[in-house]
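**Student:** with the sequence up front, the predicted model follows.
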Amino acid sequence: MSRPVSRSSISISSRSALAALWIAAVAWSGCSQRTQENADTAEPASPVSLRILSPAAGETASGPDVEVQLQLTGYEVYFDSATGMGQHIHMILDNQPYIPHYSTAPFTFKGVAPGTHTIRAFPSREWHESIKAPTAFVMVTFNVENADGQNAPEAGAPLLTYSRPKGEYKGEMGKRILVDYWIQNCVIGPEAYRVRMRIDGTAQEFIKWEPYYLENLAPGEHAISLELIGPDGNPAAGVFNSTTRTFTVSP
């Protein structure tokens with residue numbers, strides 16, 4: 001379960017300094033849910049809008065490589081070679097782990113199999129926390145060679161998109177691991193939809209959409225699942241509404 005944590009305000013103008021501070025953050029034991037109140041982690045002042053210009057919804061592409069053309073306004077993406085980090089776009093094909101894209105140039109998914117597929121995308125901060133502005137999330141379902149109806153969320157239905165954790169966390173990075181996801185077409189709350197997380201078999205539910213951190217996990221492989229739960233307490237139907245992943249914590 002989560003426990004109360006102290007909050008602090010940080011004002012840093014340099015991107016590199018902000019990234020370095022985040023990497024070196026001192027972790028506490030257990031798990032905690034934290035709302036970050038400083039200007040660097042607040043939602044951007046300008047409206048953020050992300051669009052997929054192509055492929056179009058319902059389009060049939062020849063494949064196997066699919067080029068995605070993007071339009072992003074109100075948010076800058078970049079890669080900082082000094083820190084190895086940068087603001088970026090999370091590009092997700094079907095329910096595969098996201099690929100970070102550090103520009104608005106066309107992005108190519110390679111080796112896409114024939115059939116129906118869905119792209120989901122949203123901008124992210126340097127530390128992979130998603131921008132949660134309503135127009136920051138975009139999704140398009142298309143076909144490669146032919147339509148088979150797979151990987152096609154129902155239009156307008158409640159949708160959960162898994163984002164983090166992902167991959168391997170080494171050293172200090174493994175002491176404070178972000179859990180993040182995107183919610184579409186529903187509201188999270190005590191009497192509404194909820195997100196159920198299981199980490200190494202232990203379950204808890206989120207009733208507020210905000211960043212969550214796993215702290216001081218033991219070295220080794222960990223299993224995590226995120227599942228969208230309806231107001232009736234049952235799993236919400238939907239092709240992507242339950243995701244299980246593994247990640248590794250290394251000394």
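**Tutor:** That came through, no problem.

**Student:** run through the strands of the stretch 101-250 of the chain in chain order.
**Tutor:** Under the criterion DSSP state E, counting those that start in this stretch, the stretch 101-250 of the chain contains strands at 107-109, 115-124, 138-144, 159-164, 167-170, 176-184, 194-199, 202-206, 212-215, 220-229, 242-250.

**Student:** counting contacts, what elements does the second one pack onto?
**Tutor:** Pointing back at strand 115-124 there. Applying 3 or more C-beta pairs under 8 Å, 6 or more residues apart in numbering; DSSP states H and E, one finds that strand 115-124 makes contact with strand 49-54, strand 66-73, strand 88-93, strand 138-144, strand 159-164. All C-beta spots, glycine's among them, are computed from the backbone N, C-alpha and C.

**Student:** winner for burial among the ones you listed?
**Tutor:** strand 159-164 (a mean of 24; mean count of other C-beta atoms under 10 Å).

**Student:** tell me which of the strands of the stretch 101-250 of the chain lies nearest to Thr60.
**Tutor:** strand 138-144 (4.4 Å; C-beta to C-beta).

**Student:** show residues contacting that closest one.
**Tutor:** By C-beta atoms under 8 Å, 6 or more residues apart in numbering, the residues outside strand 138-144 that reach it are 50-52, 55-64, 66, 112-122, 151-153, 159, 184.

**Student:** okay, the strands of the stretch 101-250 of the chain, which one's buried deepest?
**Tutor:** It is strand 159-164: most buried of these by mean count of other C-beta under 10 Å, with a mean of 24.

**Student:** angle of that strand against strand 88-93?
**Tutor:** Calculated by axes from the mean of the first three to the mean of the last three C-alpha atoms, to 10 degrees, strand 159-164 forms an angle of 120 degrees with strand 88-93.

**Student:** and strand 159-164, what's its mean pLDDT?
**Tutor:** Across strand 159-164, pLDDT averages out at 98.

**Student:** report all helices and strands that it contacts.
**Tutor:** Using 3+ C-beta pairs under 8 Å, 6+ apart, strand 159-164 sits against strand 115-124, strand 176-184, strand 220-229, strand 242-250.

**Student:** can we see that at 6 Å?
**Tutor:** Strand 159-164 is packed against strand 176-184, with contacts defined by 3 or more C-beta pairs under 6 Å, 6 or more residues apart in numbering; DSSP states H and E.

**Student:** just the mean pLDDT for the strand it packs on, thanks.
**Tutor:** Rounded mean pLDDT across strand 176-184 is 97.

**Student:** pairing partners for it, with directions?
**Tutor:** strand 159-164 (antiparallel), strand 212-215 (antiparallel) (DSSP bridges).

**Student:** which one of those strands lies nearest to Pro231?
**Tutor:** That would be strand 159-164 among the strands paired with strand 176-184, by C-beta to C-beta, at 14.5 Å.

**Student:** angle of the closest one against strand 138-144?
**Tutor:** Computed by the same axes, to 10 degrees, the angle between strand 159-164 and strand 138-144 is 100 degrees.

**Student:** go ahead and name everything in contact with strand 159-164.
**Tutor:** With contact meaning C-beta atoms under 6 Å, 6 or more residues apart in numbering, strand 159-164 is reached by 120, 128, 130, 153, 178, 180-182, 184-185, 226, 228, 241, 243.

**Student:** switch to 8 Å and redo it
**Tutor:** Taking C-beta under 8 Å, 6+ apart as the rule, strand 159-164 contacts 90, 92, 95, 98, 120, 122, 124, 128, 130, 137, 139, 153, 177-186, 195, 226-228, 236, 238, 240-243, 245.
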